[in-house]
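Enquirer: Make a model of this:
(one chain, ligands or ions: 2)
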Amino acid sequence: MEKNTILEIRNMNISFSQYQKGTKQTKLPVIRDLSLTVHQGEMVAVVGSSGSGKSLLAHGVMGILPYNAEMGGQILYCGEPLREKRICALRGKEIVMVPQSTSYLDPLMKVGTQICKGKKDPERKKKLDGIFRRYGLAEEVQEQYPFELSGGMTRRVMISTAMIEEPKLVIADEPTPGLHLKAAKRAMEHFRELADMGAGVLIITHDLELALETADRVLVFYAGYTLEDAKTEDFRQEKTLRHPYTKALWRAMPQNGFHYIDGVQPYVKDMPEGCPFAPRCEKCTEKCRGEIPYREVNGGYVRCVYDS
Ligand SMILES: Nc1ncnc2c1ncn2[C@@H]1O[C@H](COP(=O)(O)OP(=O)(O)OP(=O)(O)O)[C@@H](O)[C@H]1O
Ligand code: NI
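Expert: Ligands and ions are numbered 1, 2, ... in the order given. You can find the predicted model right below:
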């Protein structure tokens, strides 16, 4: 393992137990065989459509999966396993998450107190003032309660909460919805700055274009699988991309013709054997119905039987 690796996930699986017809329990796999690495100073984006398992990945790392979820595989933080006790000690300090849902804010606590976690020393206050200025939040907002904020303001408050800790690992789950384009870009740039200062940053988003503007690498999620792990520059041309789904995402971007991808992502209960994208893939053959290895190609990874 390399020295500057902040987060390494090896073969993560997440499934839910569900009761069917009374007492019969079934397992619903929602993340399968996920491996990823975030290095110091690196910003990695996880891109995928709704329901592909992005938030569960974040919750798995943070140790906040719901009670009916089961997780397998290994999570290493700075080279050491990140088990329950360790994540509890580091959560909110060295490892921070900007959650997708704004309901994570305490409705009964003033914004400023909440961000500073009750600590009121002048140094922290100065830092908070600085962060608020950067995000265009007025100082008065510190004295307000979450219900008094607009959606975009809430988003910026949640980002501020993460920024005040000088974290080593930041996981931001859809940090930009509700922000207008300029603010969304600014937020992404701030995450970029955190990475440039030496943190490892994992950004979860469905906005490929925004991710490509700031991230170093992009992981493409589809129906619980990672189909590709590519460098941002691989997205400059279609031919340097590896998976047919990533290529389809590329063609769907406005500058590349806005081509619509036919069909929908399969739901976990109706998952086809083999490649989950096979039913929508023009290159699909019988080979795609078997086990598909996740393999290294040209400095990236792909889960496809074909060479692109
Ligand atoms: N508590 C739960 N019980 C059962 N299934 C769940 C539970 N939470 C999530 N899932 C399922 O897991 C899958 C992945 O959910 P997840 O929230 O990670 O998706 P996502 O990629 O973050 O989507 P979005 O872009 O909409 O936020 C979905 O199919 C969802 O229905
Ligand atoms: Ni999500």
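Enquirer: Measure how buried the residue of the chain found nearest ligand 2 is and give me the count.
Expert: Per Cβ to the ion, the residue of the chain with the smallest distance to ligand 2 is residue 55, at 3.1 Å. Quick note: C-beta positions are derived from backbone N, CA and C, even for glycine. Each residue near residue 55 was counted by other Cβ atoms under 10 Å, and the total is 17.
Enquirer: what sits opposite the nearest residue to residue 301 once chain neighbours are set aside in the beta ladder?
Expert: Using Cβ to Cβ, 6 or more residues apart in numbering and skipping residues adjacent in sequence, the residue nearest residue 301 is residue 229, 4.0 Å away. For residue 229, the beta-bridge partners under DSSP bridges are residue 219, residue 301.
Enquirer: how near is residue 91 to residue 64?
Expert: Residue 91 is 8 Å from residue 64, where distance means Cβ to Cβ, to the nearest Å.
Enquirer: Residues of the stretch 201-308 of the chain that sit close to ligand 1?
Expert: Counting by Cβ under 6 Å from any ligand atom, the residues of the stretch 201-308 of the chain lying close to ligand 1 are 206, 268.
Enquirer: residues contacting residue 203?
Expert: The contact partners of residue 203, taken as Cβ atoms under 8 Å, 6 or more residues apart in numbering, are 43, 44, 45, 46, 172, 175, 188, 191, 211, 214, 215.
Enquirer: before we move on, what SS does the residue nearest to the spatial centre of the chain have?
Expert: Central residue of the chain (Cα atoms, centre = their mean): residue 204, 2.6 Å from the mean position. Look at residue 204: counting by DSSP: H, G, I helix; E, B strand; the rest coil, its state is strand.
Enquirer: mind checking pLDDT for it?
Expert: Predicted confidence (pLDDT) for residue 204: 96.
Enquirer: The residue nearest to residue 301 contacts residue 215, doesn't it?
Expert: No. Taking contact to mean Cβ atoms under 8 Å, the distance of 11.7 Å between residue 229 and residue 215 leaves them out of contact.
Enquirer: of the contacts of residue 203, closest to residue 108?
Expert: Sorting the contacts of residue 203 by how near they are to residue 108, with Cβ to Cβ, puts residue 175 at the top with 23.8 Å.
Enquirer: Longest helix in the chain, by number of residues?
Expert: Determined from DSSP state H, the single longest helix within the chain is helix 181-196.
Enquirer: what's the spacing between that one and its chain's center?
Expert: Its chain's average C-alpha position is 15 Å from that of helix 181-196, according to Cα atoms, centre = their mean, to the nearest Å.
Enquirer: Next: stretch 29-46.
Expert: Centroid separation between stretch 29-46 and its chain, computed with Cα atoms, centre = their mean, is 8 Å.
Enquirer: Need the contact partners of the longest helix of the chain.
Expert: Residues external to helix 181-196 that are found in contact with it (Cβ under 8 Å, 6+ apart): 41-43, 134-136, 152, 155-156, 159, 163, 167, 170, 172, 175-176, 179, 201, 203, 207, 210-211, 213-214, 216.
Enquirer: Okay, and which of those map to strands?
Expert: Using DSSP state E, the subset of these located in strands is 43, 170, 172, 201, 203.
Enquirer: Dump the residues you listed to a markdown table, plus distance to residue 30.
Expert: Below are the ones in strands among the contacts of helix 181-196 laid out as a markdown table (distance: Cβ to Cβ, whole Å):
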| residue | distance to residue 30 |
| --- | --- |
| 43 | 25 |
| 170 | 23 |
| 172 | 20 |
| 201 | 24 |
| 203 | 20 |
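Enquirer: This completes my enquiry, with thanks.
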